[in-house]
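*Asks:* following is a predicted model, sequence given first.
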Amino acid sequence: TLKMSGSVGYGEKPLAYELSATASRVRVRYPEGMSWLLDGNVRFSGTSQGAVLSGDATVQRVVFAPNVDFSSMLVSSNSTLTGPAISSAYLRNLQFDIAATAVPGMSIEWGTAHFTADGSVRVRGTWEHPIVLGNVHLLSGDMAFHGNTYNLNRGDINFSSPFRFDPVLNIEIATTINPYEVTLDFTGPASRLQLSYRSDPPLLSTDIVSLLALGSQGEQSALMTSSSSQAQNFEATSLLSEAITSQIGAPIEKLFGVTNFRIDPFLASSLATTGVTQTTEARVTIQKQVTRDLSVTYSTNAASNQQQVIEVDYAIRRQITIVALRDINGIYGISVKFTSHFH
C-alpha cells in the first residue's frame, strides 16, 4: 500500500514538485540483487533536473537473490557500492537521505542462510553511488555451506566508510563435525578480512582445515602434506570441483528441489609395495532441508558404491540437535548435541 500527497508546479520555470508518501509493506528491489520489505514515510522533492528522496523506513526483511555472489561483493569492497546502470541524467542527479531501522527480529535471507537482526543504517549519496552508514547486529541464524551447517554465535556489521562500501565485520560462527566443534571468526574490514579458527577438542590448524574440507583429520591431513606435488594436485582438483559445482549445482538444486548439491575431490589412499599412494576421486553430496529443523545429507564416492555417508539432523531446539549418522565405514550411530552460548 502506498498513500501519496503533495503538489506539482509547472509553467515558465522547470517542473517542480514536493510529494510525501506513506508506504506499508512495500518491496524495493535495489541495489541489484537485493530486495527489501519495508514500511516508511518518505519525501520526494526537486525539479526536472534533479531531486532528493528523504525519509524514514522500517525494514522487516532483506533478501539476497540466489545468484548474488555476496562473498565477491565483500572482496571487491575497495570500490564504491554501485547501483543498477542507468542512462537517465535525472536519476544520476537523484540524491538519497533515508534512515532505515530494523524491526526487532528482522529477517535476512540469502540462499541457505537465514538470520535475524536489528540495527539501523542511513543511506545517502546518489542512485549510482549510494553511501551506507550505520550498523547491523546479527542476533541468531544458521547457514549451510560446503555440507556443514554453521550456527551464528555473534555478529556485528558496521558501515563506517563514507567513501566506499567497506563494512567492518565481527562475526563468529560454529559447526559440529563429530566429535569436534569448529569455530570460525571473521574480523576486520571486508576488504582485508581476517579469518581465525579453533576447535574443541583442540586440533592443529592443518587438521582443522582438513576437517572442514574433507570431514576428517589426522591421517588424511598427514597424507595431504606428504609431498608438495600431491598437495598441489589436490589443490588444483579442489578448484576444478568448485568451478564444476558452481556451474551445475544451481540448476540441479532447482530441478530436483534439493537444498545443496556439490562435487568435491576426495583424497583416497592405498597401500602398495612402494608405500602409501594417493588418488583424488570425485565425491557427490546432496543435501535436502526438509524443514527448518530437519535436514538430510547423502554423500557417496562417484567411482563406486562404497564410502557412502547418510546424515539426518533434527533440531529440537536451538540448543539441542539429534544427529543420526551412517559414516564412511558403514557404522550407524545416534548422538544428541547440546549447545550452550556464553556472552
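*Replies:* Nice, I can see it.
*Asks:* in the stretch 151-300 of the chain, where is pLDDT below threshold?
*Replies:* 213-283 (pLDDT under 70).
*Asks:* repeat the analysis, applying 80 as the threshold.
*Replies:* Counting by pLDDT under 80, the ranges of the stretch 151-300 of the chain that qualify are 163-165, 178, 190-191, 193, 205-207, 209-290, 292, 300.
*Asks:* that one: helices as residue ranges?
*Replies:* Remark: helices assigned in the stretch 151-300 of the chain by DSSP state H, counting those that start in this stretch are 205-214, 219-224, 228-256.
*Asks:* now do the helices in the stretch 1-150 of the chain.
*Replies:* Going by DSSP H, counting those that start in this stretch, the stretch 1-150 of the chain shows helices at 70-75, 89-92.
*Asks:* neighbouring contacts of the last one?
*Replies:* Residues from elsewhere that reach helix 89-92 (CB atoms under 8 Å, 6 or more residues apart in numbering): Ser48, Gln49, Gly50, Ala51, Ile86, Thr126, Trp127, Glu128. Backbone N, C-alpha and C define where each C-beta goes, glycine included.
*Asks:* swap the cut-off to 7 Å and go again
*Replies:* Residues from elsewhere that reach helix 89-92, judged by CB atoms under 7 Å, 6 or more residues apart in numbering: Gly50, Ile86, Thr126, Trp127, Glu128.
*Asks:* before we move on, the earlier item: worst average pLDDT in the helices of the stretch 1-150 of the chain?
*Replies:* Lowest mean pLDDT within the helices of the stretch 1-150 of the chain: helix 70-75, a mean of 52.
*Asks:* so Tyr298 sits right up against Ile310, yeah?
*Replies:* Yes. The pair Tyr298 / Ile310 is scored as a contact, 5.5 Å apart, by CB atoms under 7 Å.
*Asks:* OK, contacts around Ala21?
*Replies:* So Ala21 contacts Leu2, Lys3, Met4, Val42, Phe44 (CB under 7 Å, 6+ apart).
*Asks:* the first one: neighbour count?
*Replies:* Residue neighbour count, defined by other CB atoms under 10 Å, stands at 10 for Leu2.
*Asks:* so what's it closest to, chain neighbours aside?
*Replies:* Ala23 (5.3 Å; CB to CB, 6 or more residues apart in numbering).
*Asks:* how many residues are close by the one you found?
*Replies:* Per other CB under 10 Å, the neighbour tally for Ala23 reads 19.
*Asks:* tell me what it is bridged to.
*Replies:* Ala23 forms beta bridges with Leu2, Gly40, as assigned by DSSP bridges.
*Asks:* and the gap between it and Asp156?
*Replies:* Distance of Ala23 to Asp156, given as CB to CB, to the nearest Å: 28 Å.
*Asks:* which two in the contacts of Ala21 are spaced the farthest apart?
*Replies:* Lys3 and Phe44 (13.3 Å; CB to CB).
*Asks:* tell me which of these two has more neighbours.
*Replies:* Between Lys3 and Phe44, counted using other CB under 10 Å, Phe44 has the larger neighbour count: 17 against 10.
*Asks:* which non-adjacent residue is nearest that one?
*Replies:* Closest to Phe44 by CB to CB, 6+ apart is Leu19, at 4.5 Å.
*Asks:* mind listing the strands for the stretch 1-150 of the chain?
*Replies:* Taking DSSP state E, counting those that start in this stretch as the criterion, the stretch 1-150 of the chain carries its strands at 2-9, 16-28, 34-47, 50-64, 94-110, 113-126, 130-145, 148-159.
*Asks:* alright, that wraps it up for me.
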